[in-house]
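Visitor: Quick one: sequence and predicted model below, then my questions.
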Amino acid sequence: MAYEDKIFLENLEKQYNIVLDQSYSNLVHFQTTNEIPFQRWYSYREGYSYKLVQKFITKYNVTGSILDPFMGSGSSILAGRFSNLKTYGIDVNPISLFVSKVENRNYFEEDIKSIQNELGIFQKLKRDSTLRATNFELAYKYFNTDILQTILQLKEHITSIDNSHTRDIFFLSWLSNIESISNVKKEGNGLKYRNRRRNKNGYINIPIQQWEEEHFPKDKFSYVLNKIINNIYNILEDLQSNPISAPEPTMLLGSSMERVLDIPEQMELTIFSPPYVNFFDYFEIHKTELWLGEFIKSQDELKQLKRTGLRSNASATVSKLLVNANESVSHLTSILETKKLWSNKIPVVVSGYFDDMETLIRNLYVKTQDKGRVAIVVGNSAYAGIIIPSDLLIAEIGEKIGFEVEEIIVTRHLTTSSQQRKYLKDVMGFMRESIVILRKE
């Protein structure tokens, strides 16, 4: 079966310099955060290696300022600081802002001593008999009862620490262990119960009590306490072995589309990986940490957060109008509207996503210095056998705004379902993860 929209894809692609470079593949698909100083403080599932940013700093001989408008765990910030550059970051997720601030703060000898002193106190803590509650109702399903009481008690102790830098270090370590001590894990577009096991006949659910007994020791207080303590030891090791003297970054909370204009200077390099057009709701994935860490305190606050981000999923499309005309996107959504889709919101999300990307890139053009660059790591997707070539669409948007499309670096090809493959077999080369390089002349 021939792909019905092949000419459109080929005509769009032939406008640009497409370069296949698999040396980037392990840098954009990052799985080794636990080995990297500072980044191992909090395991962040999404994002790329800081070495990707270092590669571009070297390649383009960057000496000016760097911006990441989708900061995540702060890979770009860390790379910039390792190169002694001035750095800026933006993120809509308050967890990302907190993690990046703590990881990229300048710590001094008195901070290390304060952390060590508090560690001595922390190691002596014992389980008390107080019964604590949380307004995150799902916590009672997501956690063993003793583990939930432990994390609530430890959080209460941590929030009472007087020294703000020390308190943040301990809170980050507490936060970083939430998933590993829970009954759920981040997977795909949400949280999945870990007591669901696959066998040759499919999936079976192991009784939760049995699963907990298999995975958690009897002394759950010491178990949780020691996991936090081990993370603190890693932090102390990084602070003592990898001193960074670069200026502290400037970080802003909020939607990158608007907050980019609040950056006080022009950038030589902006590098980021936005959410892809894959319907993943990253606030849903992080909701346990958001609630228990009290970054949000109500369902209304969670809904508002979801509506603030880039329109990459159905939760973010509410009450937003399109402000940019895009013929290529309209062409794709008109085809999608004729297909049998698993969600009738897919065309709306695709339109909203590239509308937001155009607003962002337009504002980035204002904030990019002459001869400066914007590097965007993005993956293409497909719905109902129709490819959404995000790399080419973003390149087209950048060119329309005034950037030169220097190159599109194809880093790796992406897999898709067998059902999708039968429709895409002659255009599978477009299913890829790429880095779009825009240059301001």
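Guide: Yep, it's here.
Visitor: okay, CA-based contacts and neighbour counts for the rest of this
Guide: Fine.
Visitor: any weak-confidence spans in the stretch 1-150 of the chain?
Guide: 1, 30-34 (pLDDT under 70).
Visitor: would you list every one of the helices in it?
Guide: 6-13, 25-28, 50-59, 75-82, 94-103, 109-122, 139-142, 145-159 (DSSP state H, counting those that start in this stretch).
Visitor: Contact partners for Ala384?
Guide: Counting by Cα atoms under 8 Å, 6 or more residues apart in numbering, Ala384 touches Leu336, Lys339, Lys340, Leu341, Gln420.
Visitor: what's the third one sitting at in phi/psi?
Guide: In this case it means Lys340. phi -80, psi 110 (degrees, to the nearest 10).
Visitor: circling back to that earlier point, of the contacts of Ala384 - the most surrounded one?
Guide: Among the contacts of Ala384, the one with the most neighbours (other Cα atoms under 10 Å) is Leu336, at 21 neighbours.
Visitor: any idea how far that residue is from Ser417?
Guide: 18 Å (Cα to Cα, to the nearest Å).
Visitor: Then Leu20?
Guide: 23 Å.
Visitor: same question, Asp238
Guide: 41 Å.
Visitor: Looking at these two, which one has more neighbours?
Guide: The neighbour comparison of Asp238 against Ser417 (other Cα under 10 Å) goes to Asp238, with 17 against 8.
Visitor: Can you say which helix or strand has the more buried one in it?
Guide: For Asp238, the element it lies in under DSSP states H and E is helix 220-241.
Visitor: With just CA atoms, put that helix into PDB.
Guide: Taking Å, rounded to 0.1, in the frame of the first residue of the first chain, the C-alpha atoms of helix 220-241 are listed here in PDB:
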ATOM      1  CA  LYS A 220      10.300   0.200  56.000                       C
ATOM      2  CA  PHE A 221      11.300   3.300  58.000                       C
ATOM      3  CA  SER A 222      15.100   2.400  57.800                       C
ATOM      4  CA  TYR A 223      14.600   1.400  54.200                       C
ATOM      5  CA  VAL A 224      13.300   4.800  53.100                       C
ATOM      6  CA  LEU A 225      15.700   6.700  55.400                       C
ATOM      7  CA  ASN A 226      18.700   4.900  54.000                       C
ATOM      8  CA  LYS A 227      17.700   5.600  50.400                       C
ATOM      9  CA  ILE A 228      17.600   9.300  51.100                       C
ATOM     10  CA  ILE A 229      20.900   9.100  53.100                       C
ATOM     11  CA  ASN A 230      22.600   7.400  50.200                       C
ATOM     12  CA  ASN A 231      21.500  10.100  47.800                       C
ATOM     13  CA  ILE A 232      22.900  12.700  50.300                       C
ATOM     14  CA  TYR A 233      26.300  11.000  50.200                       C
ATOM     15  CA  ASN A 234      26.200  11.200  46.400                       C
ATOM     16  CA  ILE A 235      25.400  14.900  46.600                       C
ATOM     17  CA  LEU A 236      28.300  15.500  49.000                       C
ATOM     18  CA  GLU A 237      30.700  13.600  46.800                       C
ATOM     19  CA  ASP A 238      29.700  15.700  43.800                       C
ATOM     20  CA  LEU A 239      30.000  19.000  45.700                       C
ATOM     21  CA  GLN A 240      33.400  18.100  46.900                       C
ATOM     22  CA  SER A 241      34.700  16.500  43.600                       C
END
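Visitor: From the rest of the structure, what touches whichever helix or strand comes after that helix?
Guide: Next in sequence after helix 220-241, counting helices and strands by DSSP H and E, comes strand 250-253. Contacts of strand 250-253 with the rest of the structure, by Cα under 8 Å, 6+ apart, involve Thr87, Tyr88, Gly89, Ile90, Asp91, Val92, Asn93, Pro94, Leu97, Lys101, Arg259.
Visitor: Among those, which are located in strands?
Guide: Thr87, Tyr88, Gly89, Ile90, Asp91 (DSSP state E).
Visitor: now those as JSON lines including neighbour count and distance to Met251?
Guide: Listed next are these as JSON lines, based on neighbours: other Cα atoms under 10 Å; distance: Cα to Cα, whole Å:
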{"residue": "Thr87", "neighbour count": "25", "distance to Met251": "9"}
{"residue": "Tyr88", "neighbour count": "26", "distance to Met251": "6"}
{"residue": "Gly89", "neighbour count": "28", "distance to Met251": "5"}
{"residue": "Ile90", "neighbour count": "26", "distance to Met251": "6"}
{"residue": "Asp91", "neighbour count": "25", "distance to Met251": "8"}
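Visitor: I'd like these as JSON lines, with distance to Phe272 appended.
Guide: Conversion of the ones in strands among the contacts of strand 250-253 to JSON lines gives the following (distance: Cα to Cα, whole Å):
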{"residue": "Thr87", "distance to Phe272": "13"}
{"residue": "Tyr88", "distance to Phe272": "12"}
{"residue": "Gly89", "distance to Phe272": "10"}
{"residue": "Ile90", "distance to Phe272": "10"}
{"residue": "Asp91", "distance to Phe272": "11"}
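Visitor: Okay, strands next: where are they in the stretch 201-350 of the chain?
Guide: Assigned by DSSP state E, counting those that start in this stretch, the stretch 201-350 of the chain shows strands spanning 202-205, 250-253, 267-272.
Visitor: per-residue confidence at Asp168?
Guide: Asp168 carries a pLDDT value of 98.
Visitor: and it, how many neighbours does it have?
Guide: Neighbours of Asp168 (other Cα under 10 Å): 19.
Visitor: same check, this time on the one 10 residues further on
Guide: Ile178 has 22 neighbouring residues, counting by other Cα under 10 Å.
Visitor: And for the nearest residue to Glu13 once chain neighbours are set aside, the neighbour number?
Guide: The shortest distance from Glu13 to any residue other than its chain neighbours is 6.4 Å, reached at Leu392 (Cα to Cα, 6 or more residues apart in numbering). Number of residues near Leu392 (other Cα under 10 Å) recorded here: 24.
Visitor: Wait, a helix at Leu392?
Guide: Yes. Using DSSP: H, G, I helix; E, B strand; the rest coil, the assignment for Leu392 is a helix.
Visitor: I'd like the distance between it and Val53.
Guide: 22 Å.
Visitor: Contacts only, for Asn189.
Guide: Phe279, Phe280, Asp281, Tyr282, Glu284, Ile285.
Visitor: any idea which of these is closest to His157?
Guide: Within the contacts of Asn189, proximity to His157 (Cα to Cα) peaks at Ile285, which comes in at 26.5 Å.
Visitor: Count residues in the vicinity of that closest one, would you?
Guide: With other Cα under 10 Å as criterion, Ile285 counts 19.
Visitor: List the contacts of it.
Guide: Ile285 touches Lys186, Glu187, Asn189, Gly190, Leu191, counting by Cα under 8 Å, 6+ apart.
Visitor: Sweet, I'm off.
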